[in-house]
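1. Sequence and predicted model, in that order:
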Amino acid sequence: MRRAGSKPALTRQGRRPDRQGFSLLEVLIALTVFSTALLAIAQAGFVTSQTLRSGRSYVTEWAAAQSKLDSLAALGWAALDGEAGKEVVNGHTVSWTAQGENPRRITLVVHRRVLGVVTADTFMTYVAERN
């Protein structure tokens, strides 16, 4: 029983029974857990963004290589004797050489930049003389 005008006794948790809300310690723990989860989600988003950017560069590189290989093969076997060149296709620097007798080997090198790093990939195909 309580006397009129007296303060209520403390409970085992250190709170007065008529008080509601969270203690400072509970709020700090909740903020720590929330901040850690938020940082993990932000990191996952950053990694996903880098992966998508790298994948997009890789796909456009393949498209540039395929486009140039198709245009070189369309020139025909005779026009490719000793042919070499360099140009920019879909934002990628593409250089090529055509060497050999029958079949002629077309070597294509595509340079791409992903996240500040330049990578060179080599593609090869052969074009033979029709009999």
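-> Perfect, thanks for sending it. Residues are numbered from 1 along each chain as shown.
2. And the strand or helix carrying R56, what does it pack against?
-> If you go by DSSP states H and E, R56 is part of helix 24-75. Counting contacts by 3 or more Cβ pairs under 8 Å, 6 or more residues apart in numbering; DSSP states H and E, helix 24-75 is packed against strand 84-89, strand 92-99, strand 104-114, strand 117-127. Bear in mind the C-beta positions are built from the backbone N, C-alpha and C, glycine included.
3. Quick check: which of those is nearest to L38?
-> Judged by Cβ to Cβ, the one of these that comes nearest to L38 is strand 104-114, at 27.8 Å.
4. Spatially central, which residue of this protein would that be?
-> Closest to where the C-alpha atoms of the chain average out (Cα atoms, centre = their mean) is T51, at 1.8 Å.
5. returning to what we had before: for the helix holding R56, what is the distance to the chain centroid?
-> Here the centre of helix 24-75 is set off from its chain's centre by 4 Å, with Cα atoms, centre = their mean, to the nearest Å.
6. show me where pLDDT drops low in this structure?
-> 1-19, 131 (pLDDT under 70).
7. any chance of the helices and strands packed on helix 24-75 in TSV, plus distance to V33 and mean neighbour count?
-> Output for the helices and strands packed on helix 24-75, formatted as TSV (distance: least, Cβ to Cβ, whole Å; neighbours: other Cβ atoms under 10 Å):
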stretch	distance to V33	mean neighbour count
strand 84-89	50	12
strand 92-99	45	18
strand 104-114	35	18
strand 117-127	36	13
